Structures are given as C-alpha cells and as structure tokens.
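**Student:** need coordinates for the following:
(one chain, ligands or ions: 1)
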Amino acid sequence: MKKQYLLTPGPTPIPPEVALKEALPILHHRTSEFAAVYKDVAEGLKYVFQTKNEVYMVAGSGTAAMEMAVVNALSPQDEIIVASCGNFGDRWAKIAQSYGVKVISASVAWGNAVKPAEIEKALKENPNVKAVYTTFTETSTGVVNDIKAIGEIVVKTNAVLVVDAVSGLGGQEFRTDDWKVDIAVSGSQKGLMLAPGLSFITLSDKAWKAVENSKIPKFYFDIKKYKKSYATSETPFTPPVTLIVALQESIKLIKERGLENLWNDYKLLAKAARAGMKALGLELFGETPCEVVTSAKVPEEIGGKIVKTLREKYGVSIAGGQGDLKGKIIRFAHMGYIGKADLLVGFACLEMVLTELGVKIEKGKGVAAAEEALLNG
Ligand SMILES: Cc1ncc(COP(=O)(O)O)c(C=O)c1O
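**Tutor:** Sure thing, here's the model as predicted:
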C-alpha cells in the first residue's frame, strides 16, 4: 500500500466531495433531472470562463475541444497564424495541418513566451489570415502568454483569436470576454478538479460568423449540434454524465472560494514553489513563469530518474520535460486541488530524491524557502 500524491500538471487530484459525486448512480441524460444539472453547470462554466457566451461540454480530453476549435472555424486551404511556445502550442499546427489548413508561424523557442508584436507583424503581412491560435499557460514549459495583449491586436482584424486554456482555466487569471478571446477551450482534469474525459469550448459572435463559413467536414465535433442541444439543456450525444454531475460540485467549490481568491491561492503556491526550487540551487525554466506549474532545470542525466524515483519510492508524481526538454526539466504542479501541504510534501521528497541521486543540496532548504514564502504571502 502506498499513498499517492498527484502533483502533475494534469490530471490533478480530485476533492473528496467531487469524487463522491463521480460514484453516484448514473442519471439518464434525456431527463429533467439531468437537464437541471446541465443548466446549473452551463451557468457555472460561464463564470469560470468569465464569459457571457454559452460554454459547450464535449466528451473527450482537452484535445477534443482543440480539434473542435479548428474544424468549426476554418476551411481547407485557409491561412492561420499559430503562436506556439511549446508542445501544446505546436498541437494547434498539427491539428490544422491535418485538415489542409496553411499554418503561418509566429512561434518562439520552447521556454520563451510568444511575442504579441510578432503576431501583429504576421497579421499585417498576411491579411487573409482567418485565425490566430495560441496557448494561455503552456504546460510543457510552464510559461504564460499575454493573452490580453494578443486580444487587443487580433480584435482589430478580421481574424478570430483562439486560445487553449486547458491548464490555465481556474488556476490563473483568465478573462475570455474582457481579453477579447473569440474561442477558448479547456478540459476537466486540471483546474476543474475532475477525472479526465470532458472538454469545453466557448465562442464569441465573431467566432460564430467564422463557423458559418467553415467547410471542414465534421460530424461528432459539429459545434452547431452542441448549440442546438444546449437550448434544451442537453448534449447531442450521450455525455459523460458522471463527470458533468461531478462538475456541478467542483464549480460549487470554485464559487465558494471565489475565482479571484483561487487565482491568488495558486499565485502564492507558485511563489513558494519557485522559492523552493531556487533554494535547492535549481534554475527556474521559462521566460514568464505561469502560476499553475513550476518548471526547473535539473542535471540532464537525472531528470527522468528524479520523476521515476519520486513516484516509485515516495508515491509523489511530478512531471518531467517533453520533447527536447525530456530529462532536462522537472515540472511541479500547483493547480486544482493541490494545496500548501501537498507542495511541502513534494519538496521534502524532492530533497530526499536529489540527495539519493547524488545532487549536492542542503536538505531542508527547499522546504524552508517554500514555508517562508507561504508564511509571508
Ligand atoms: C495547455 C494544454 N493544452 C492541451 C492539452 C491537451 O489536453 P488533453 O491531454 O486533455 O487532450 C493539455 C494537457 O496536458 C495542456 O496542458
């Protein structure tokens, strides 16, 4: 028997209140009982996304909503700008290219933040661009992008702004409407504190105009079907009822704490995590660190070993690097149902593992620095 601590940037741990809802008997999805849950959740999602527009629920992981944001807004041969700074930003380009869309890159090296000025330049040079696709918090590197600044640029053009908020939603200030985001997508297994399997998408009026012109073939992901069903508090196909019932509970928890308080909670955890890493002599990775995951460089040959040993010996799951960053960074999440005590447990075990792997650190220093940050706000 080993107690597990899930400190990965998705999936994240589930609060007991939410887990209990996931265990309830299944409701049939064409009933007034389910419609009442759906209605409440749909309203709650508007709050979480900070939008007045409808938010649709789609069975599938976050990538399902990303694919919807491509197939419903574009036609084959359309030109789009992808501003990527990591693995998930690159995914926008991969999805679009697989539907014959032409991708113009405004991407930066992994670890940097995308440059709003580069997006502006690319939009000026390519006036036919239909959309700009980018990422809010790039989970693969731990970098946050300035979506507000990008929104101010894209709103002046005919293009729509599409943002992947899969890992940032609920964890760091994100305002769909105020920041002029036309399409925002997210998933269940991060800030929303649910099991994986449900994704979300919301569209502005400008985005709906793009939907009207879209010629990419689609069936399951046809957003118009979801809009039509929304009117009767339903989904077009059998939804993951369990997850939607549980989402009602997690939205209740989010509302009780208040989004702005939550954002501040994670900001403090991020501050503590950064202090802990620095105190252990680990250099932080990323130009503009986000508040839902902290990335730090580690001696290259032991990156994988740190993650493996932490999990196998202590039951603590953190993430390593992806792609070219494999083995070179570790990523420590502080989103969803991850709190101060989890962070301290994570740092204590990280110190033991680093010591066991021969990294010269002063045991207790990381924990002490994190404690200090937590105590002093
Ligand atoms: C920023 C970001 N975008 C997209 C995804 C993909 O989501 P999923 O794995 O749920 O399909 C993730 C998941 O890790 C993510 O963190």
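
**Student:** most centrally placed residue in the chain?
**Tutor:** By CA atoms, centre = their mean, the chain has its centre lying nearest to S167, at 1.3 Å.

**Student:** any idea how far that one is from N87?
**Tutor:** Here S167 is placed at a distance of 11 Å from N87 (CB to CB, to the nearest Å). Every C-beta, even on glycine, is put in place using the N, C-alpha and C of the backbone.

**Student:** same deal with V245?
**Tutor:** Counting by CB to CB - V245 and N87 are separated by 32 Å.

**Student:** more neighbours: the two, which one.
**Tutor:** It is V245, of V245 and N87, that has more neighbours when counted by other CB atoms under 10 Å, with 22 against 18.

**Student:** show me what contacts that one?
**Tutor:** K21, E22, L24, L27, V37 (CB atoms under 8 Å, 6 or more residues apart in numbering).

**Student:** ok so the third one is a helix residue?
**Tutor:** Think L24. No. Applying DSSP: H, G, I helix; E, B strand; the rest coil, one finds L24 to be coil, outside a helix.

**Student:** tell me the SS of T202?
**Tutor:** Going by three-state DSSP: T202 is strand.

**Student:** for the spatially closest residue to it that is not a sequence neighbour, grab phi and psi.
**Tutor:** Leaving aside its sequence neighbours, T202 sits nearest to V55 (CB to CB, 6 or more residues apart in numbering; 4.4 Å). V55 adopts backbone torsions of phi -110, psi 120, taken as degrees, to the nearest 10.

**Student:** what do you get for the one 3 residues further on?
**Tutor:** Backbone geometry at V58, expressed as degrees, to the nearest 10, gives phi -130, psi 130.

**Student:** G100 reaches Q77, doesn't it?
**Tutor:** Yes. Using CB atoms under 8 Å, G100 is in contact with Q77, at 6.1 Å.

**Student:** isn't K148 up against D177?
**Tutor:** No. Contact criterion CB under 8 Å: K148 and D177 do not qualify, at 11.6 Å.

**Student:** overlap in contacts, those two.
**Tutor:** In contact with both K148 and D177: no residue, using CB under 8 Å, 6+ apart.

**Student:** residue contacts, the spatially closest residue to P11 that is not a sequence neighbour?
**Tutor:** In this structure, P11 finds its nearest non-sequential neighbour in Q189, 4.1 Å apart by CB to CB, 6+ apart. Residues in contact with Q189 (CB under 8 Å, 6+ apart) are G10, P11, T12, S61, G62, A195, P196, G197.

**Student:** adding secondary structure, write these out as CSV.
**Tutor:** Below are the contacts of Q189 laid out as CSV (three-state DSSP):
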residue, secondary structure
G10, coil
P11, coil
T12, coil
S61, coil
G62, helix
A195, coil
P196, coil
G197, coil
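
**Student:** find the residue closest to Q97 in space, skipping its chain neighbours.
**Tutor:** Closest residue to Q97 apart from its sequence neighbours, by CB to CB, 6+ apart: V103 at 5.9 Å.

**Student:** tell me what the one you found is bridged to.
**Tutor:** I80 (DSSP bridges).

**Student:** how deep is it tucked in, by neighbour count?
**Tutor:** Close neighbours of V103, defined as other CB under 10 Å, add up to 19.

**Student:** so it is in contact with A83, correct?
**Tutor:** No. The criterion here is CB under 8 Å, and V103 misses it with A83 at 10.7 Å.

**Student:** secondary structure class for S250?
**Tutor:** helix.

**Student:** show the buried residues in the contacts of V245.
**Tutor:** Listed as buried from the contacts of V245 are K21, E22, L27, V37; burial here means 16 or more other CB atoms under 10 Å.

**Student:** quick one: which of those residues is nearest G327?
**Tutor:** Closest to G327 out of the buried ones among the contacts of V245 is E22 (34.8 Å), distances taken as CB to CB.

**Student:** who are the contact partners of the closest one?
**Tutor:** By CB under 8 Å, 6+ apart, E22 lies in contact with I14, L194, A195, T242, L243, V245, A246.

**Student:** cool, I244 as well?
**Tutor:** With contacts defined as CB under 8 Å, 6+ apart, the neighbours of I244 are F34, V37, Y38, V41, M57, L198.

**Student:** okay, now the last one: neighbour count?
**Tutor:** Read it as L198. If we define neighbours as other CB under 10 Å, then L198 has 27 of them.

**Student:** you'd agree it is up against A59?
**Tutor:** Yes. Taking CB under 8 Å as the definition, L198 is a contact partner of A59 at 6.6 Å.

**Student:** please identify every residue contacting each of those two.
**Tutor:** Jointly contacting L198 and A59 under the rule CB under 8 Å, 6+ apart are P239, P240.
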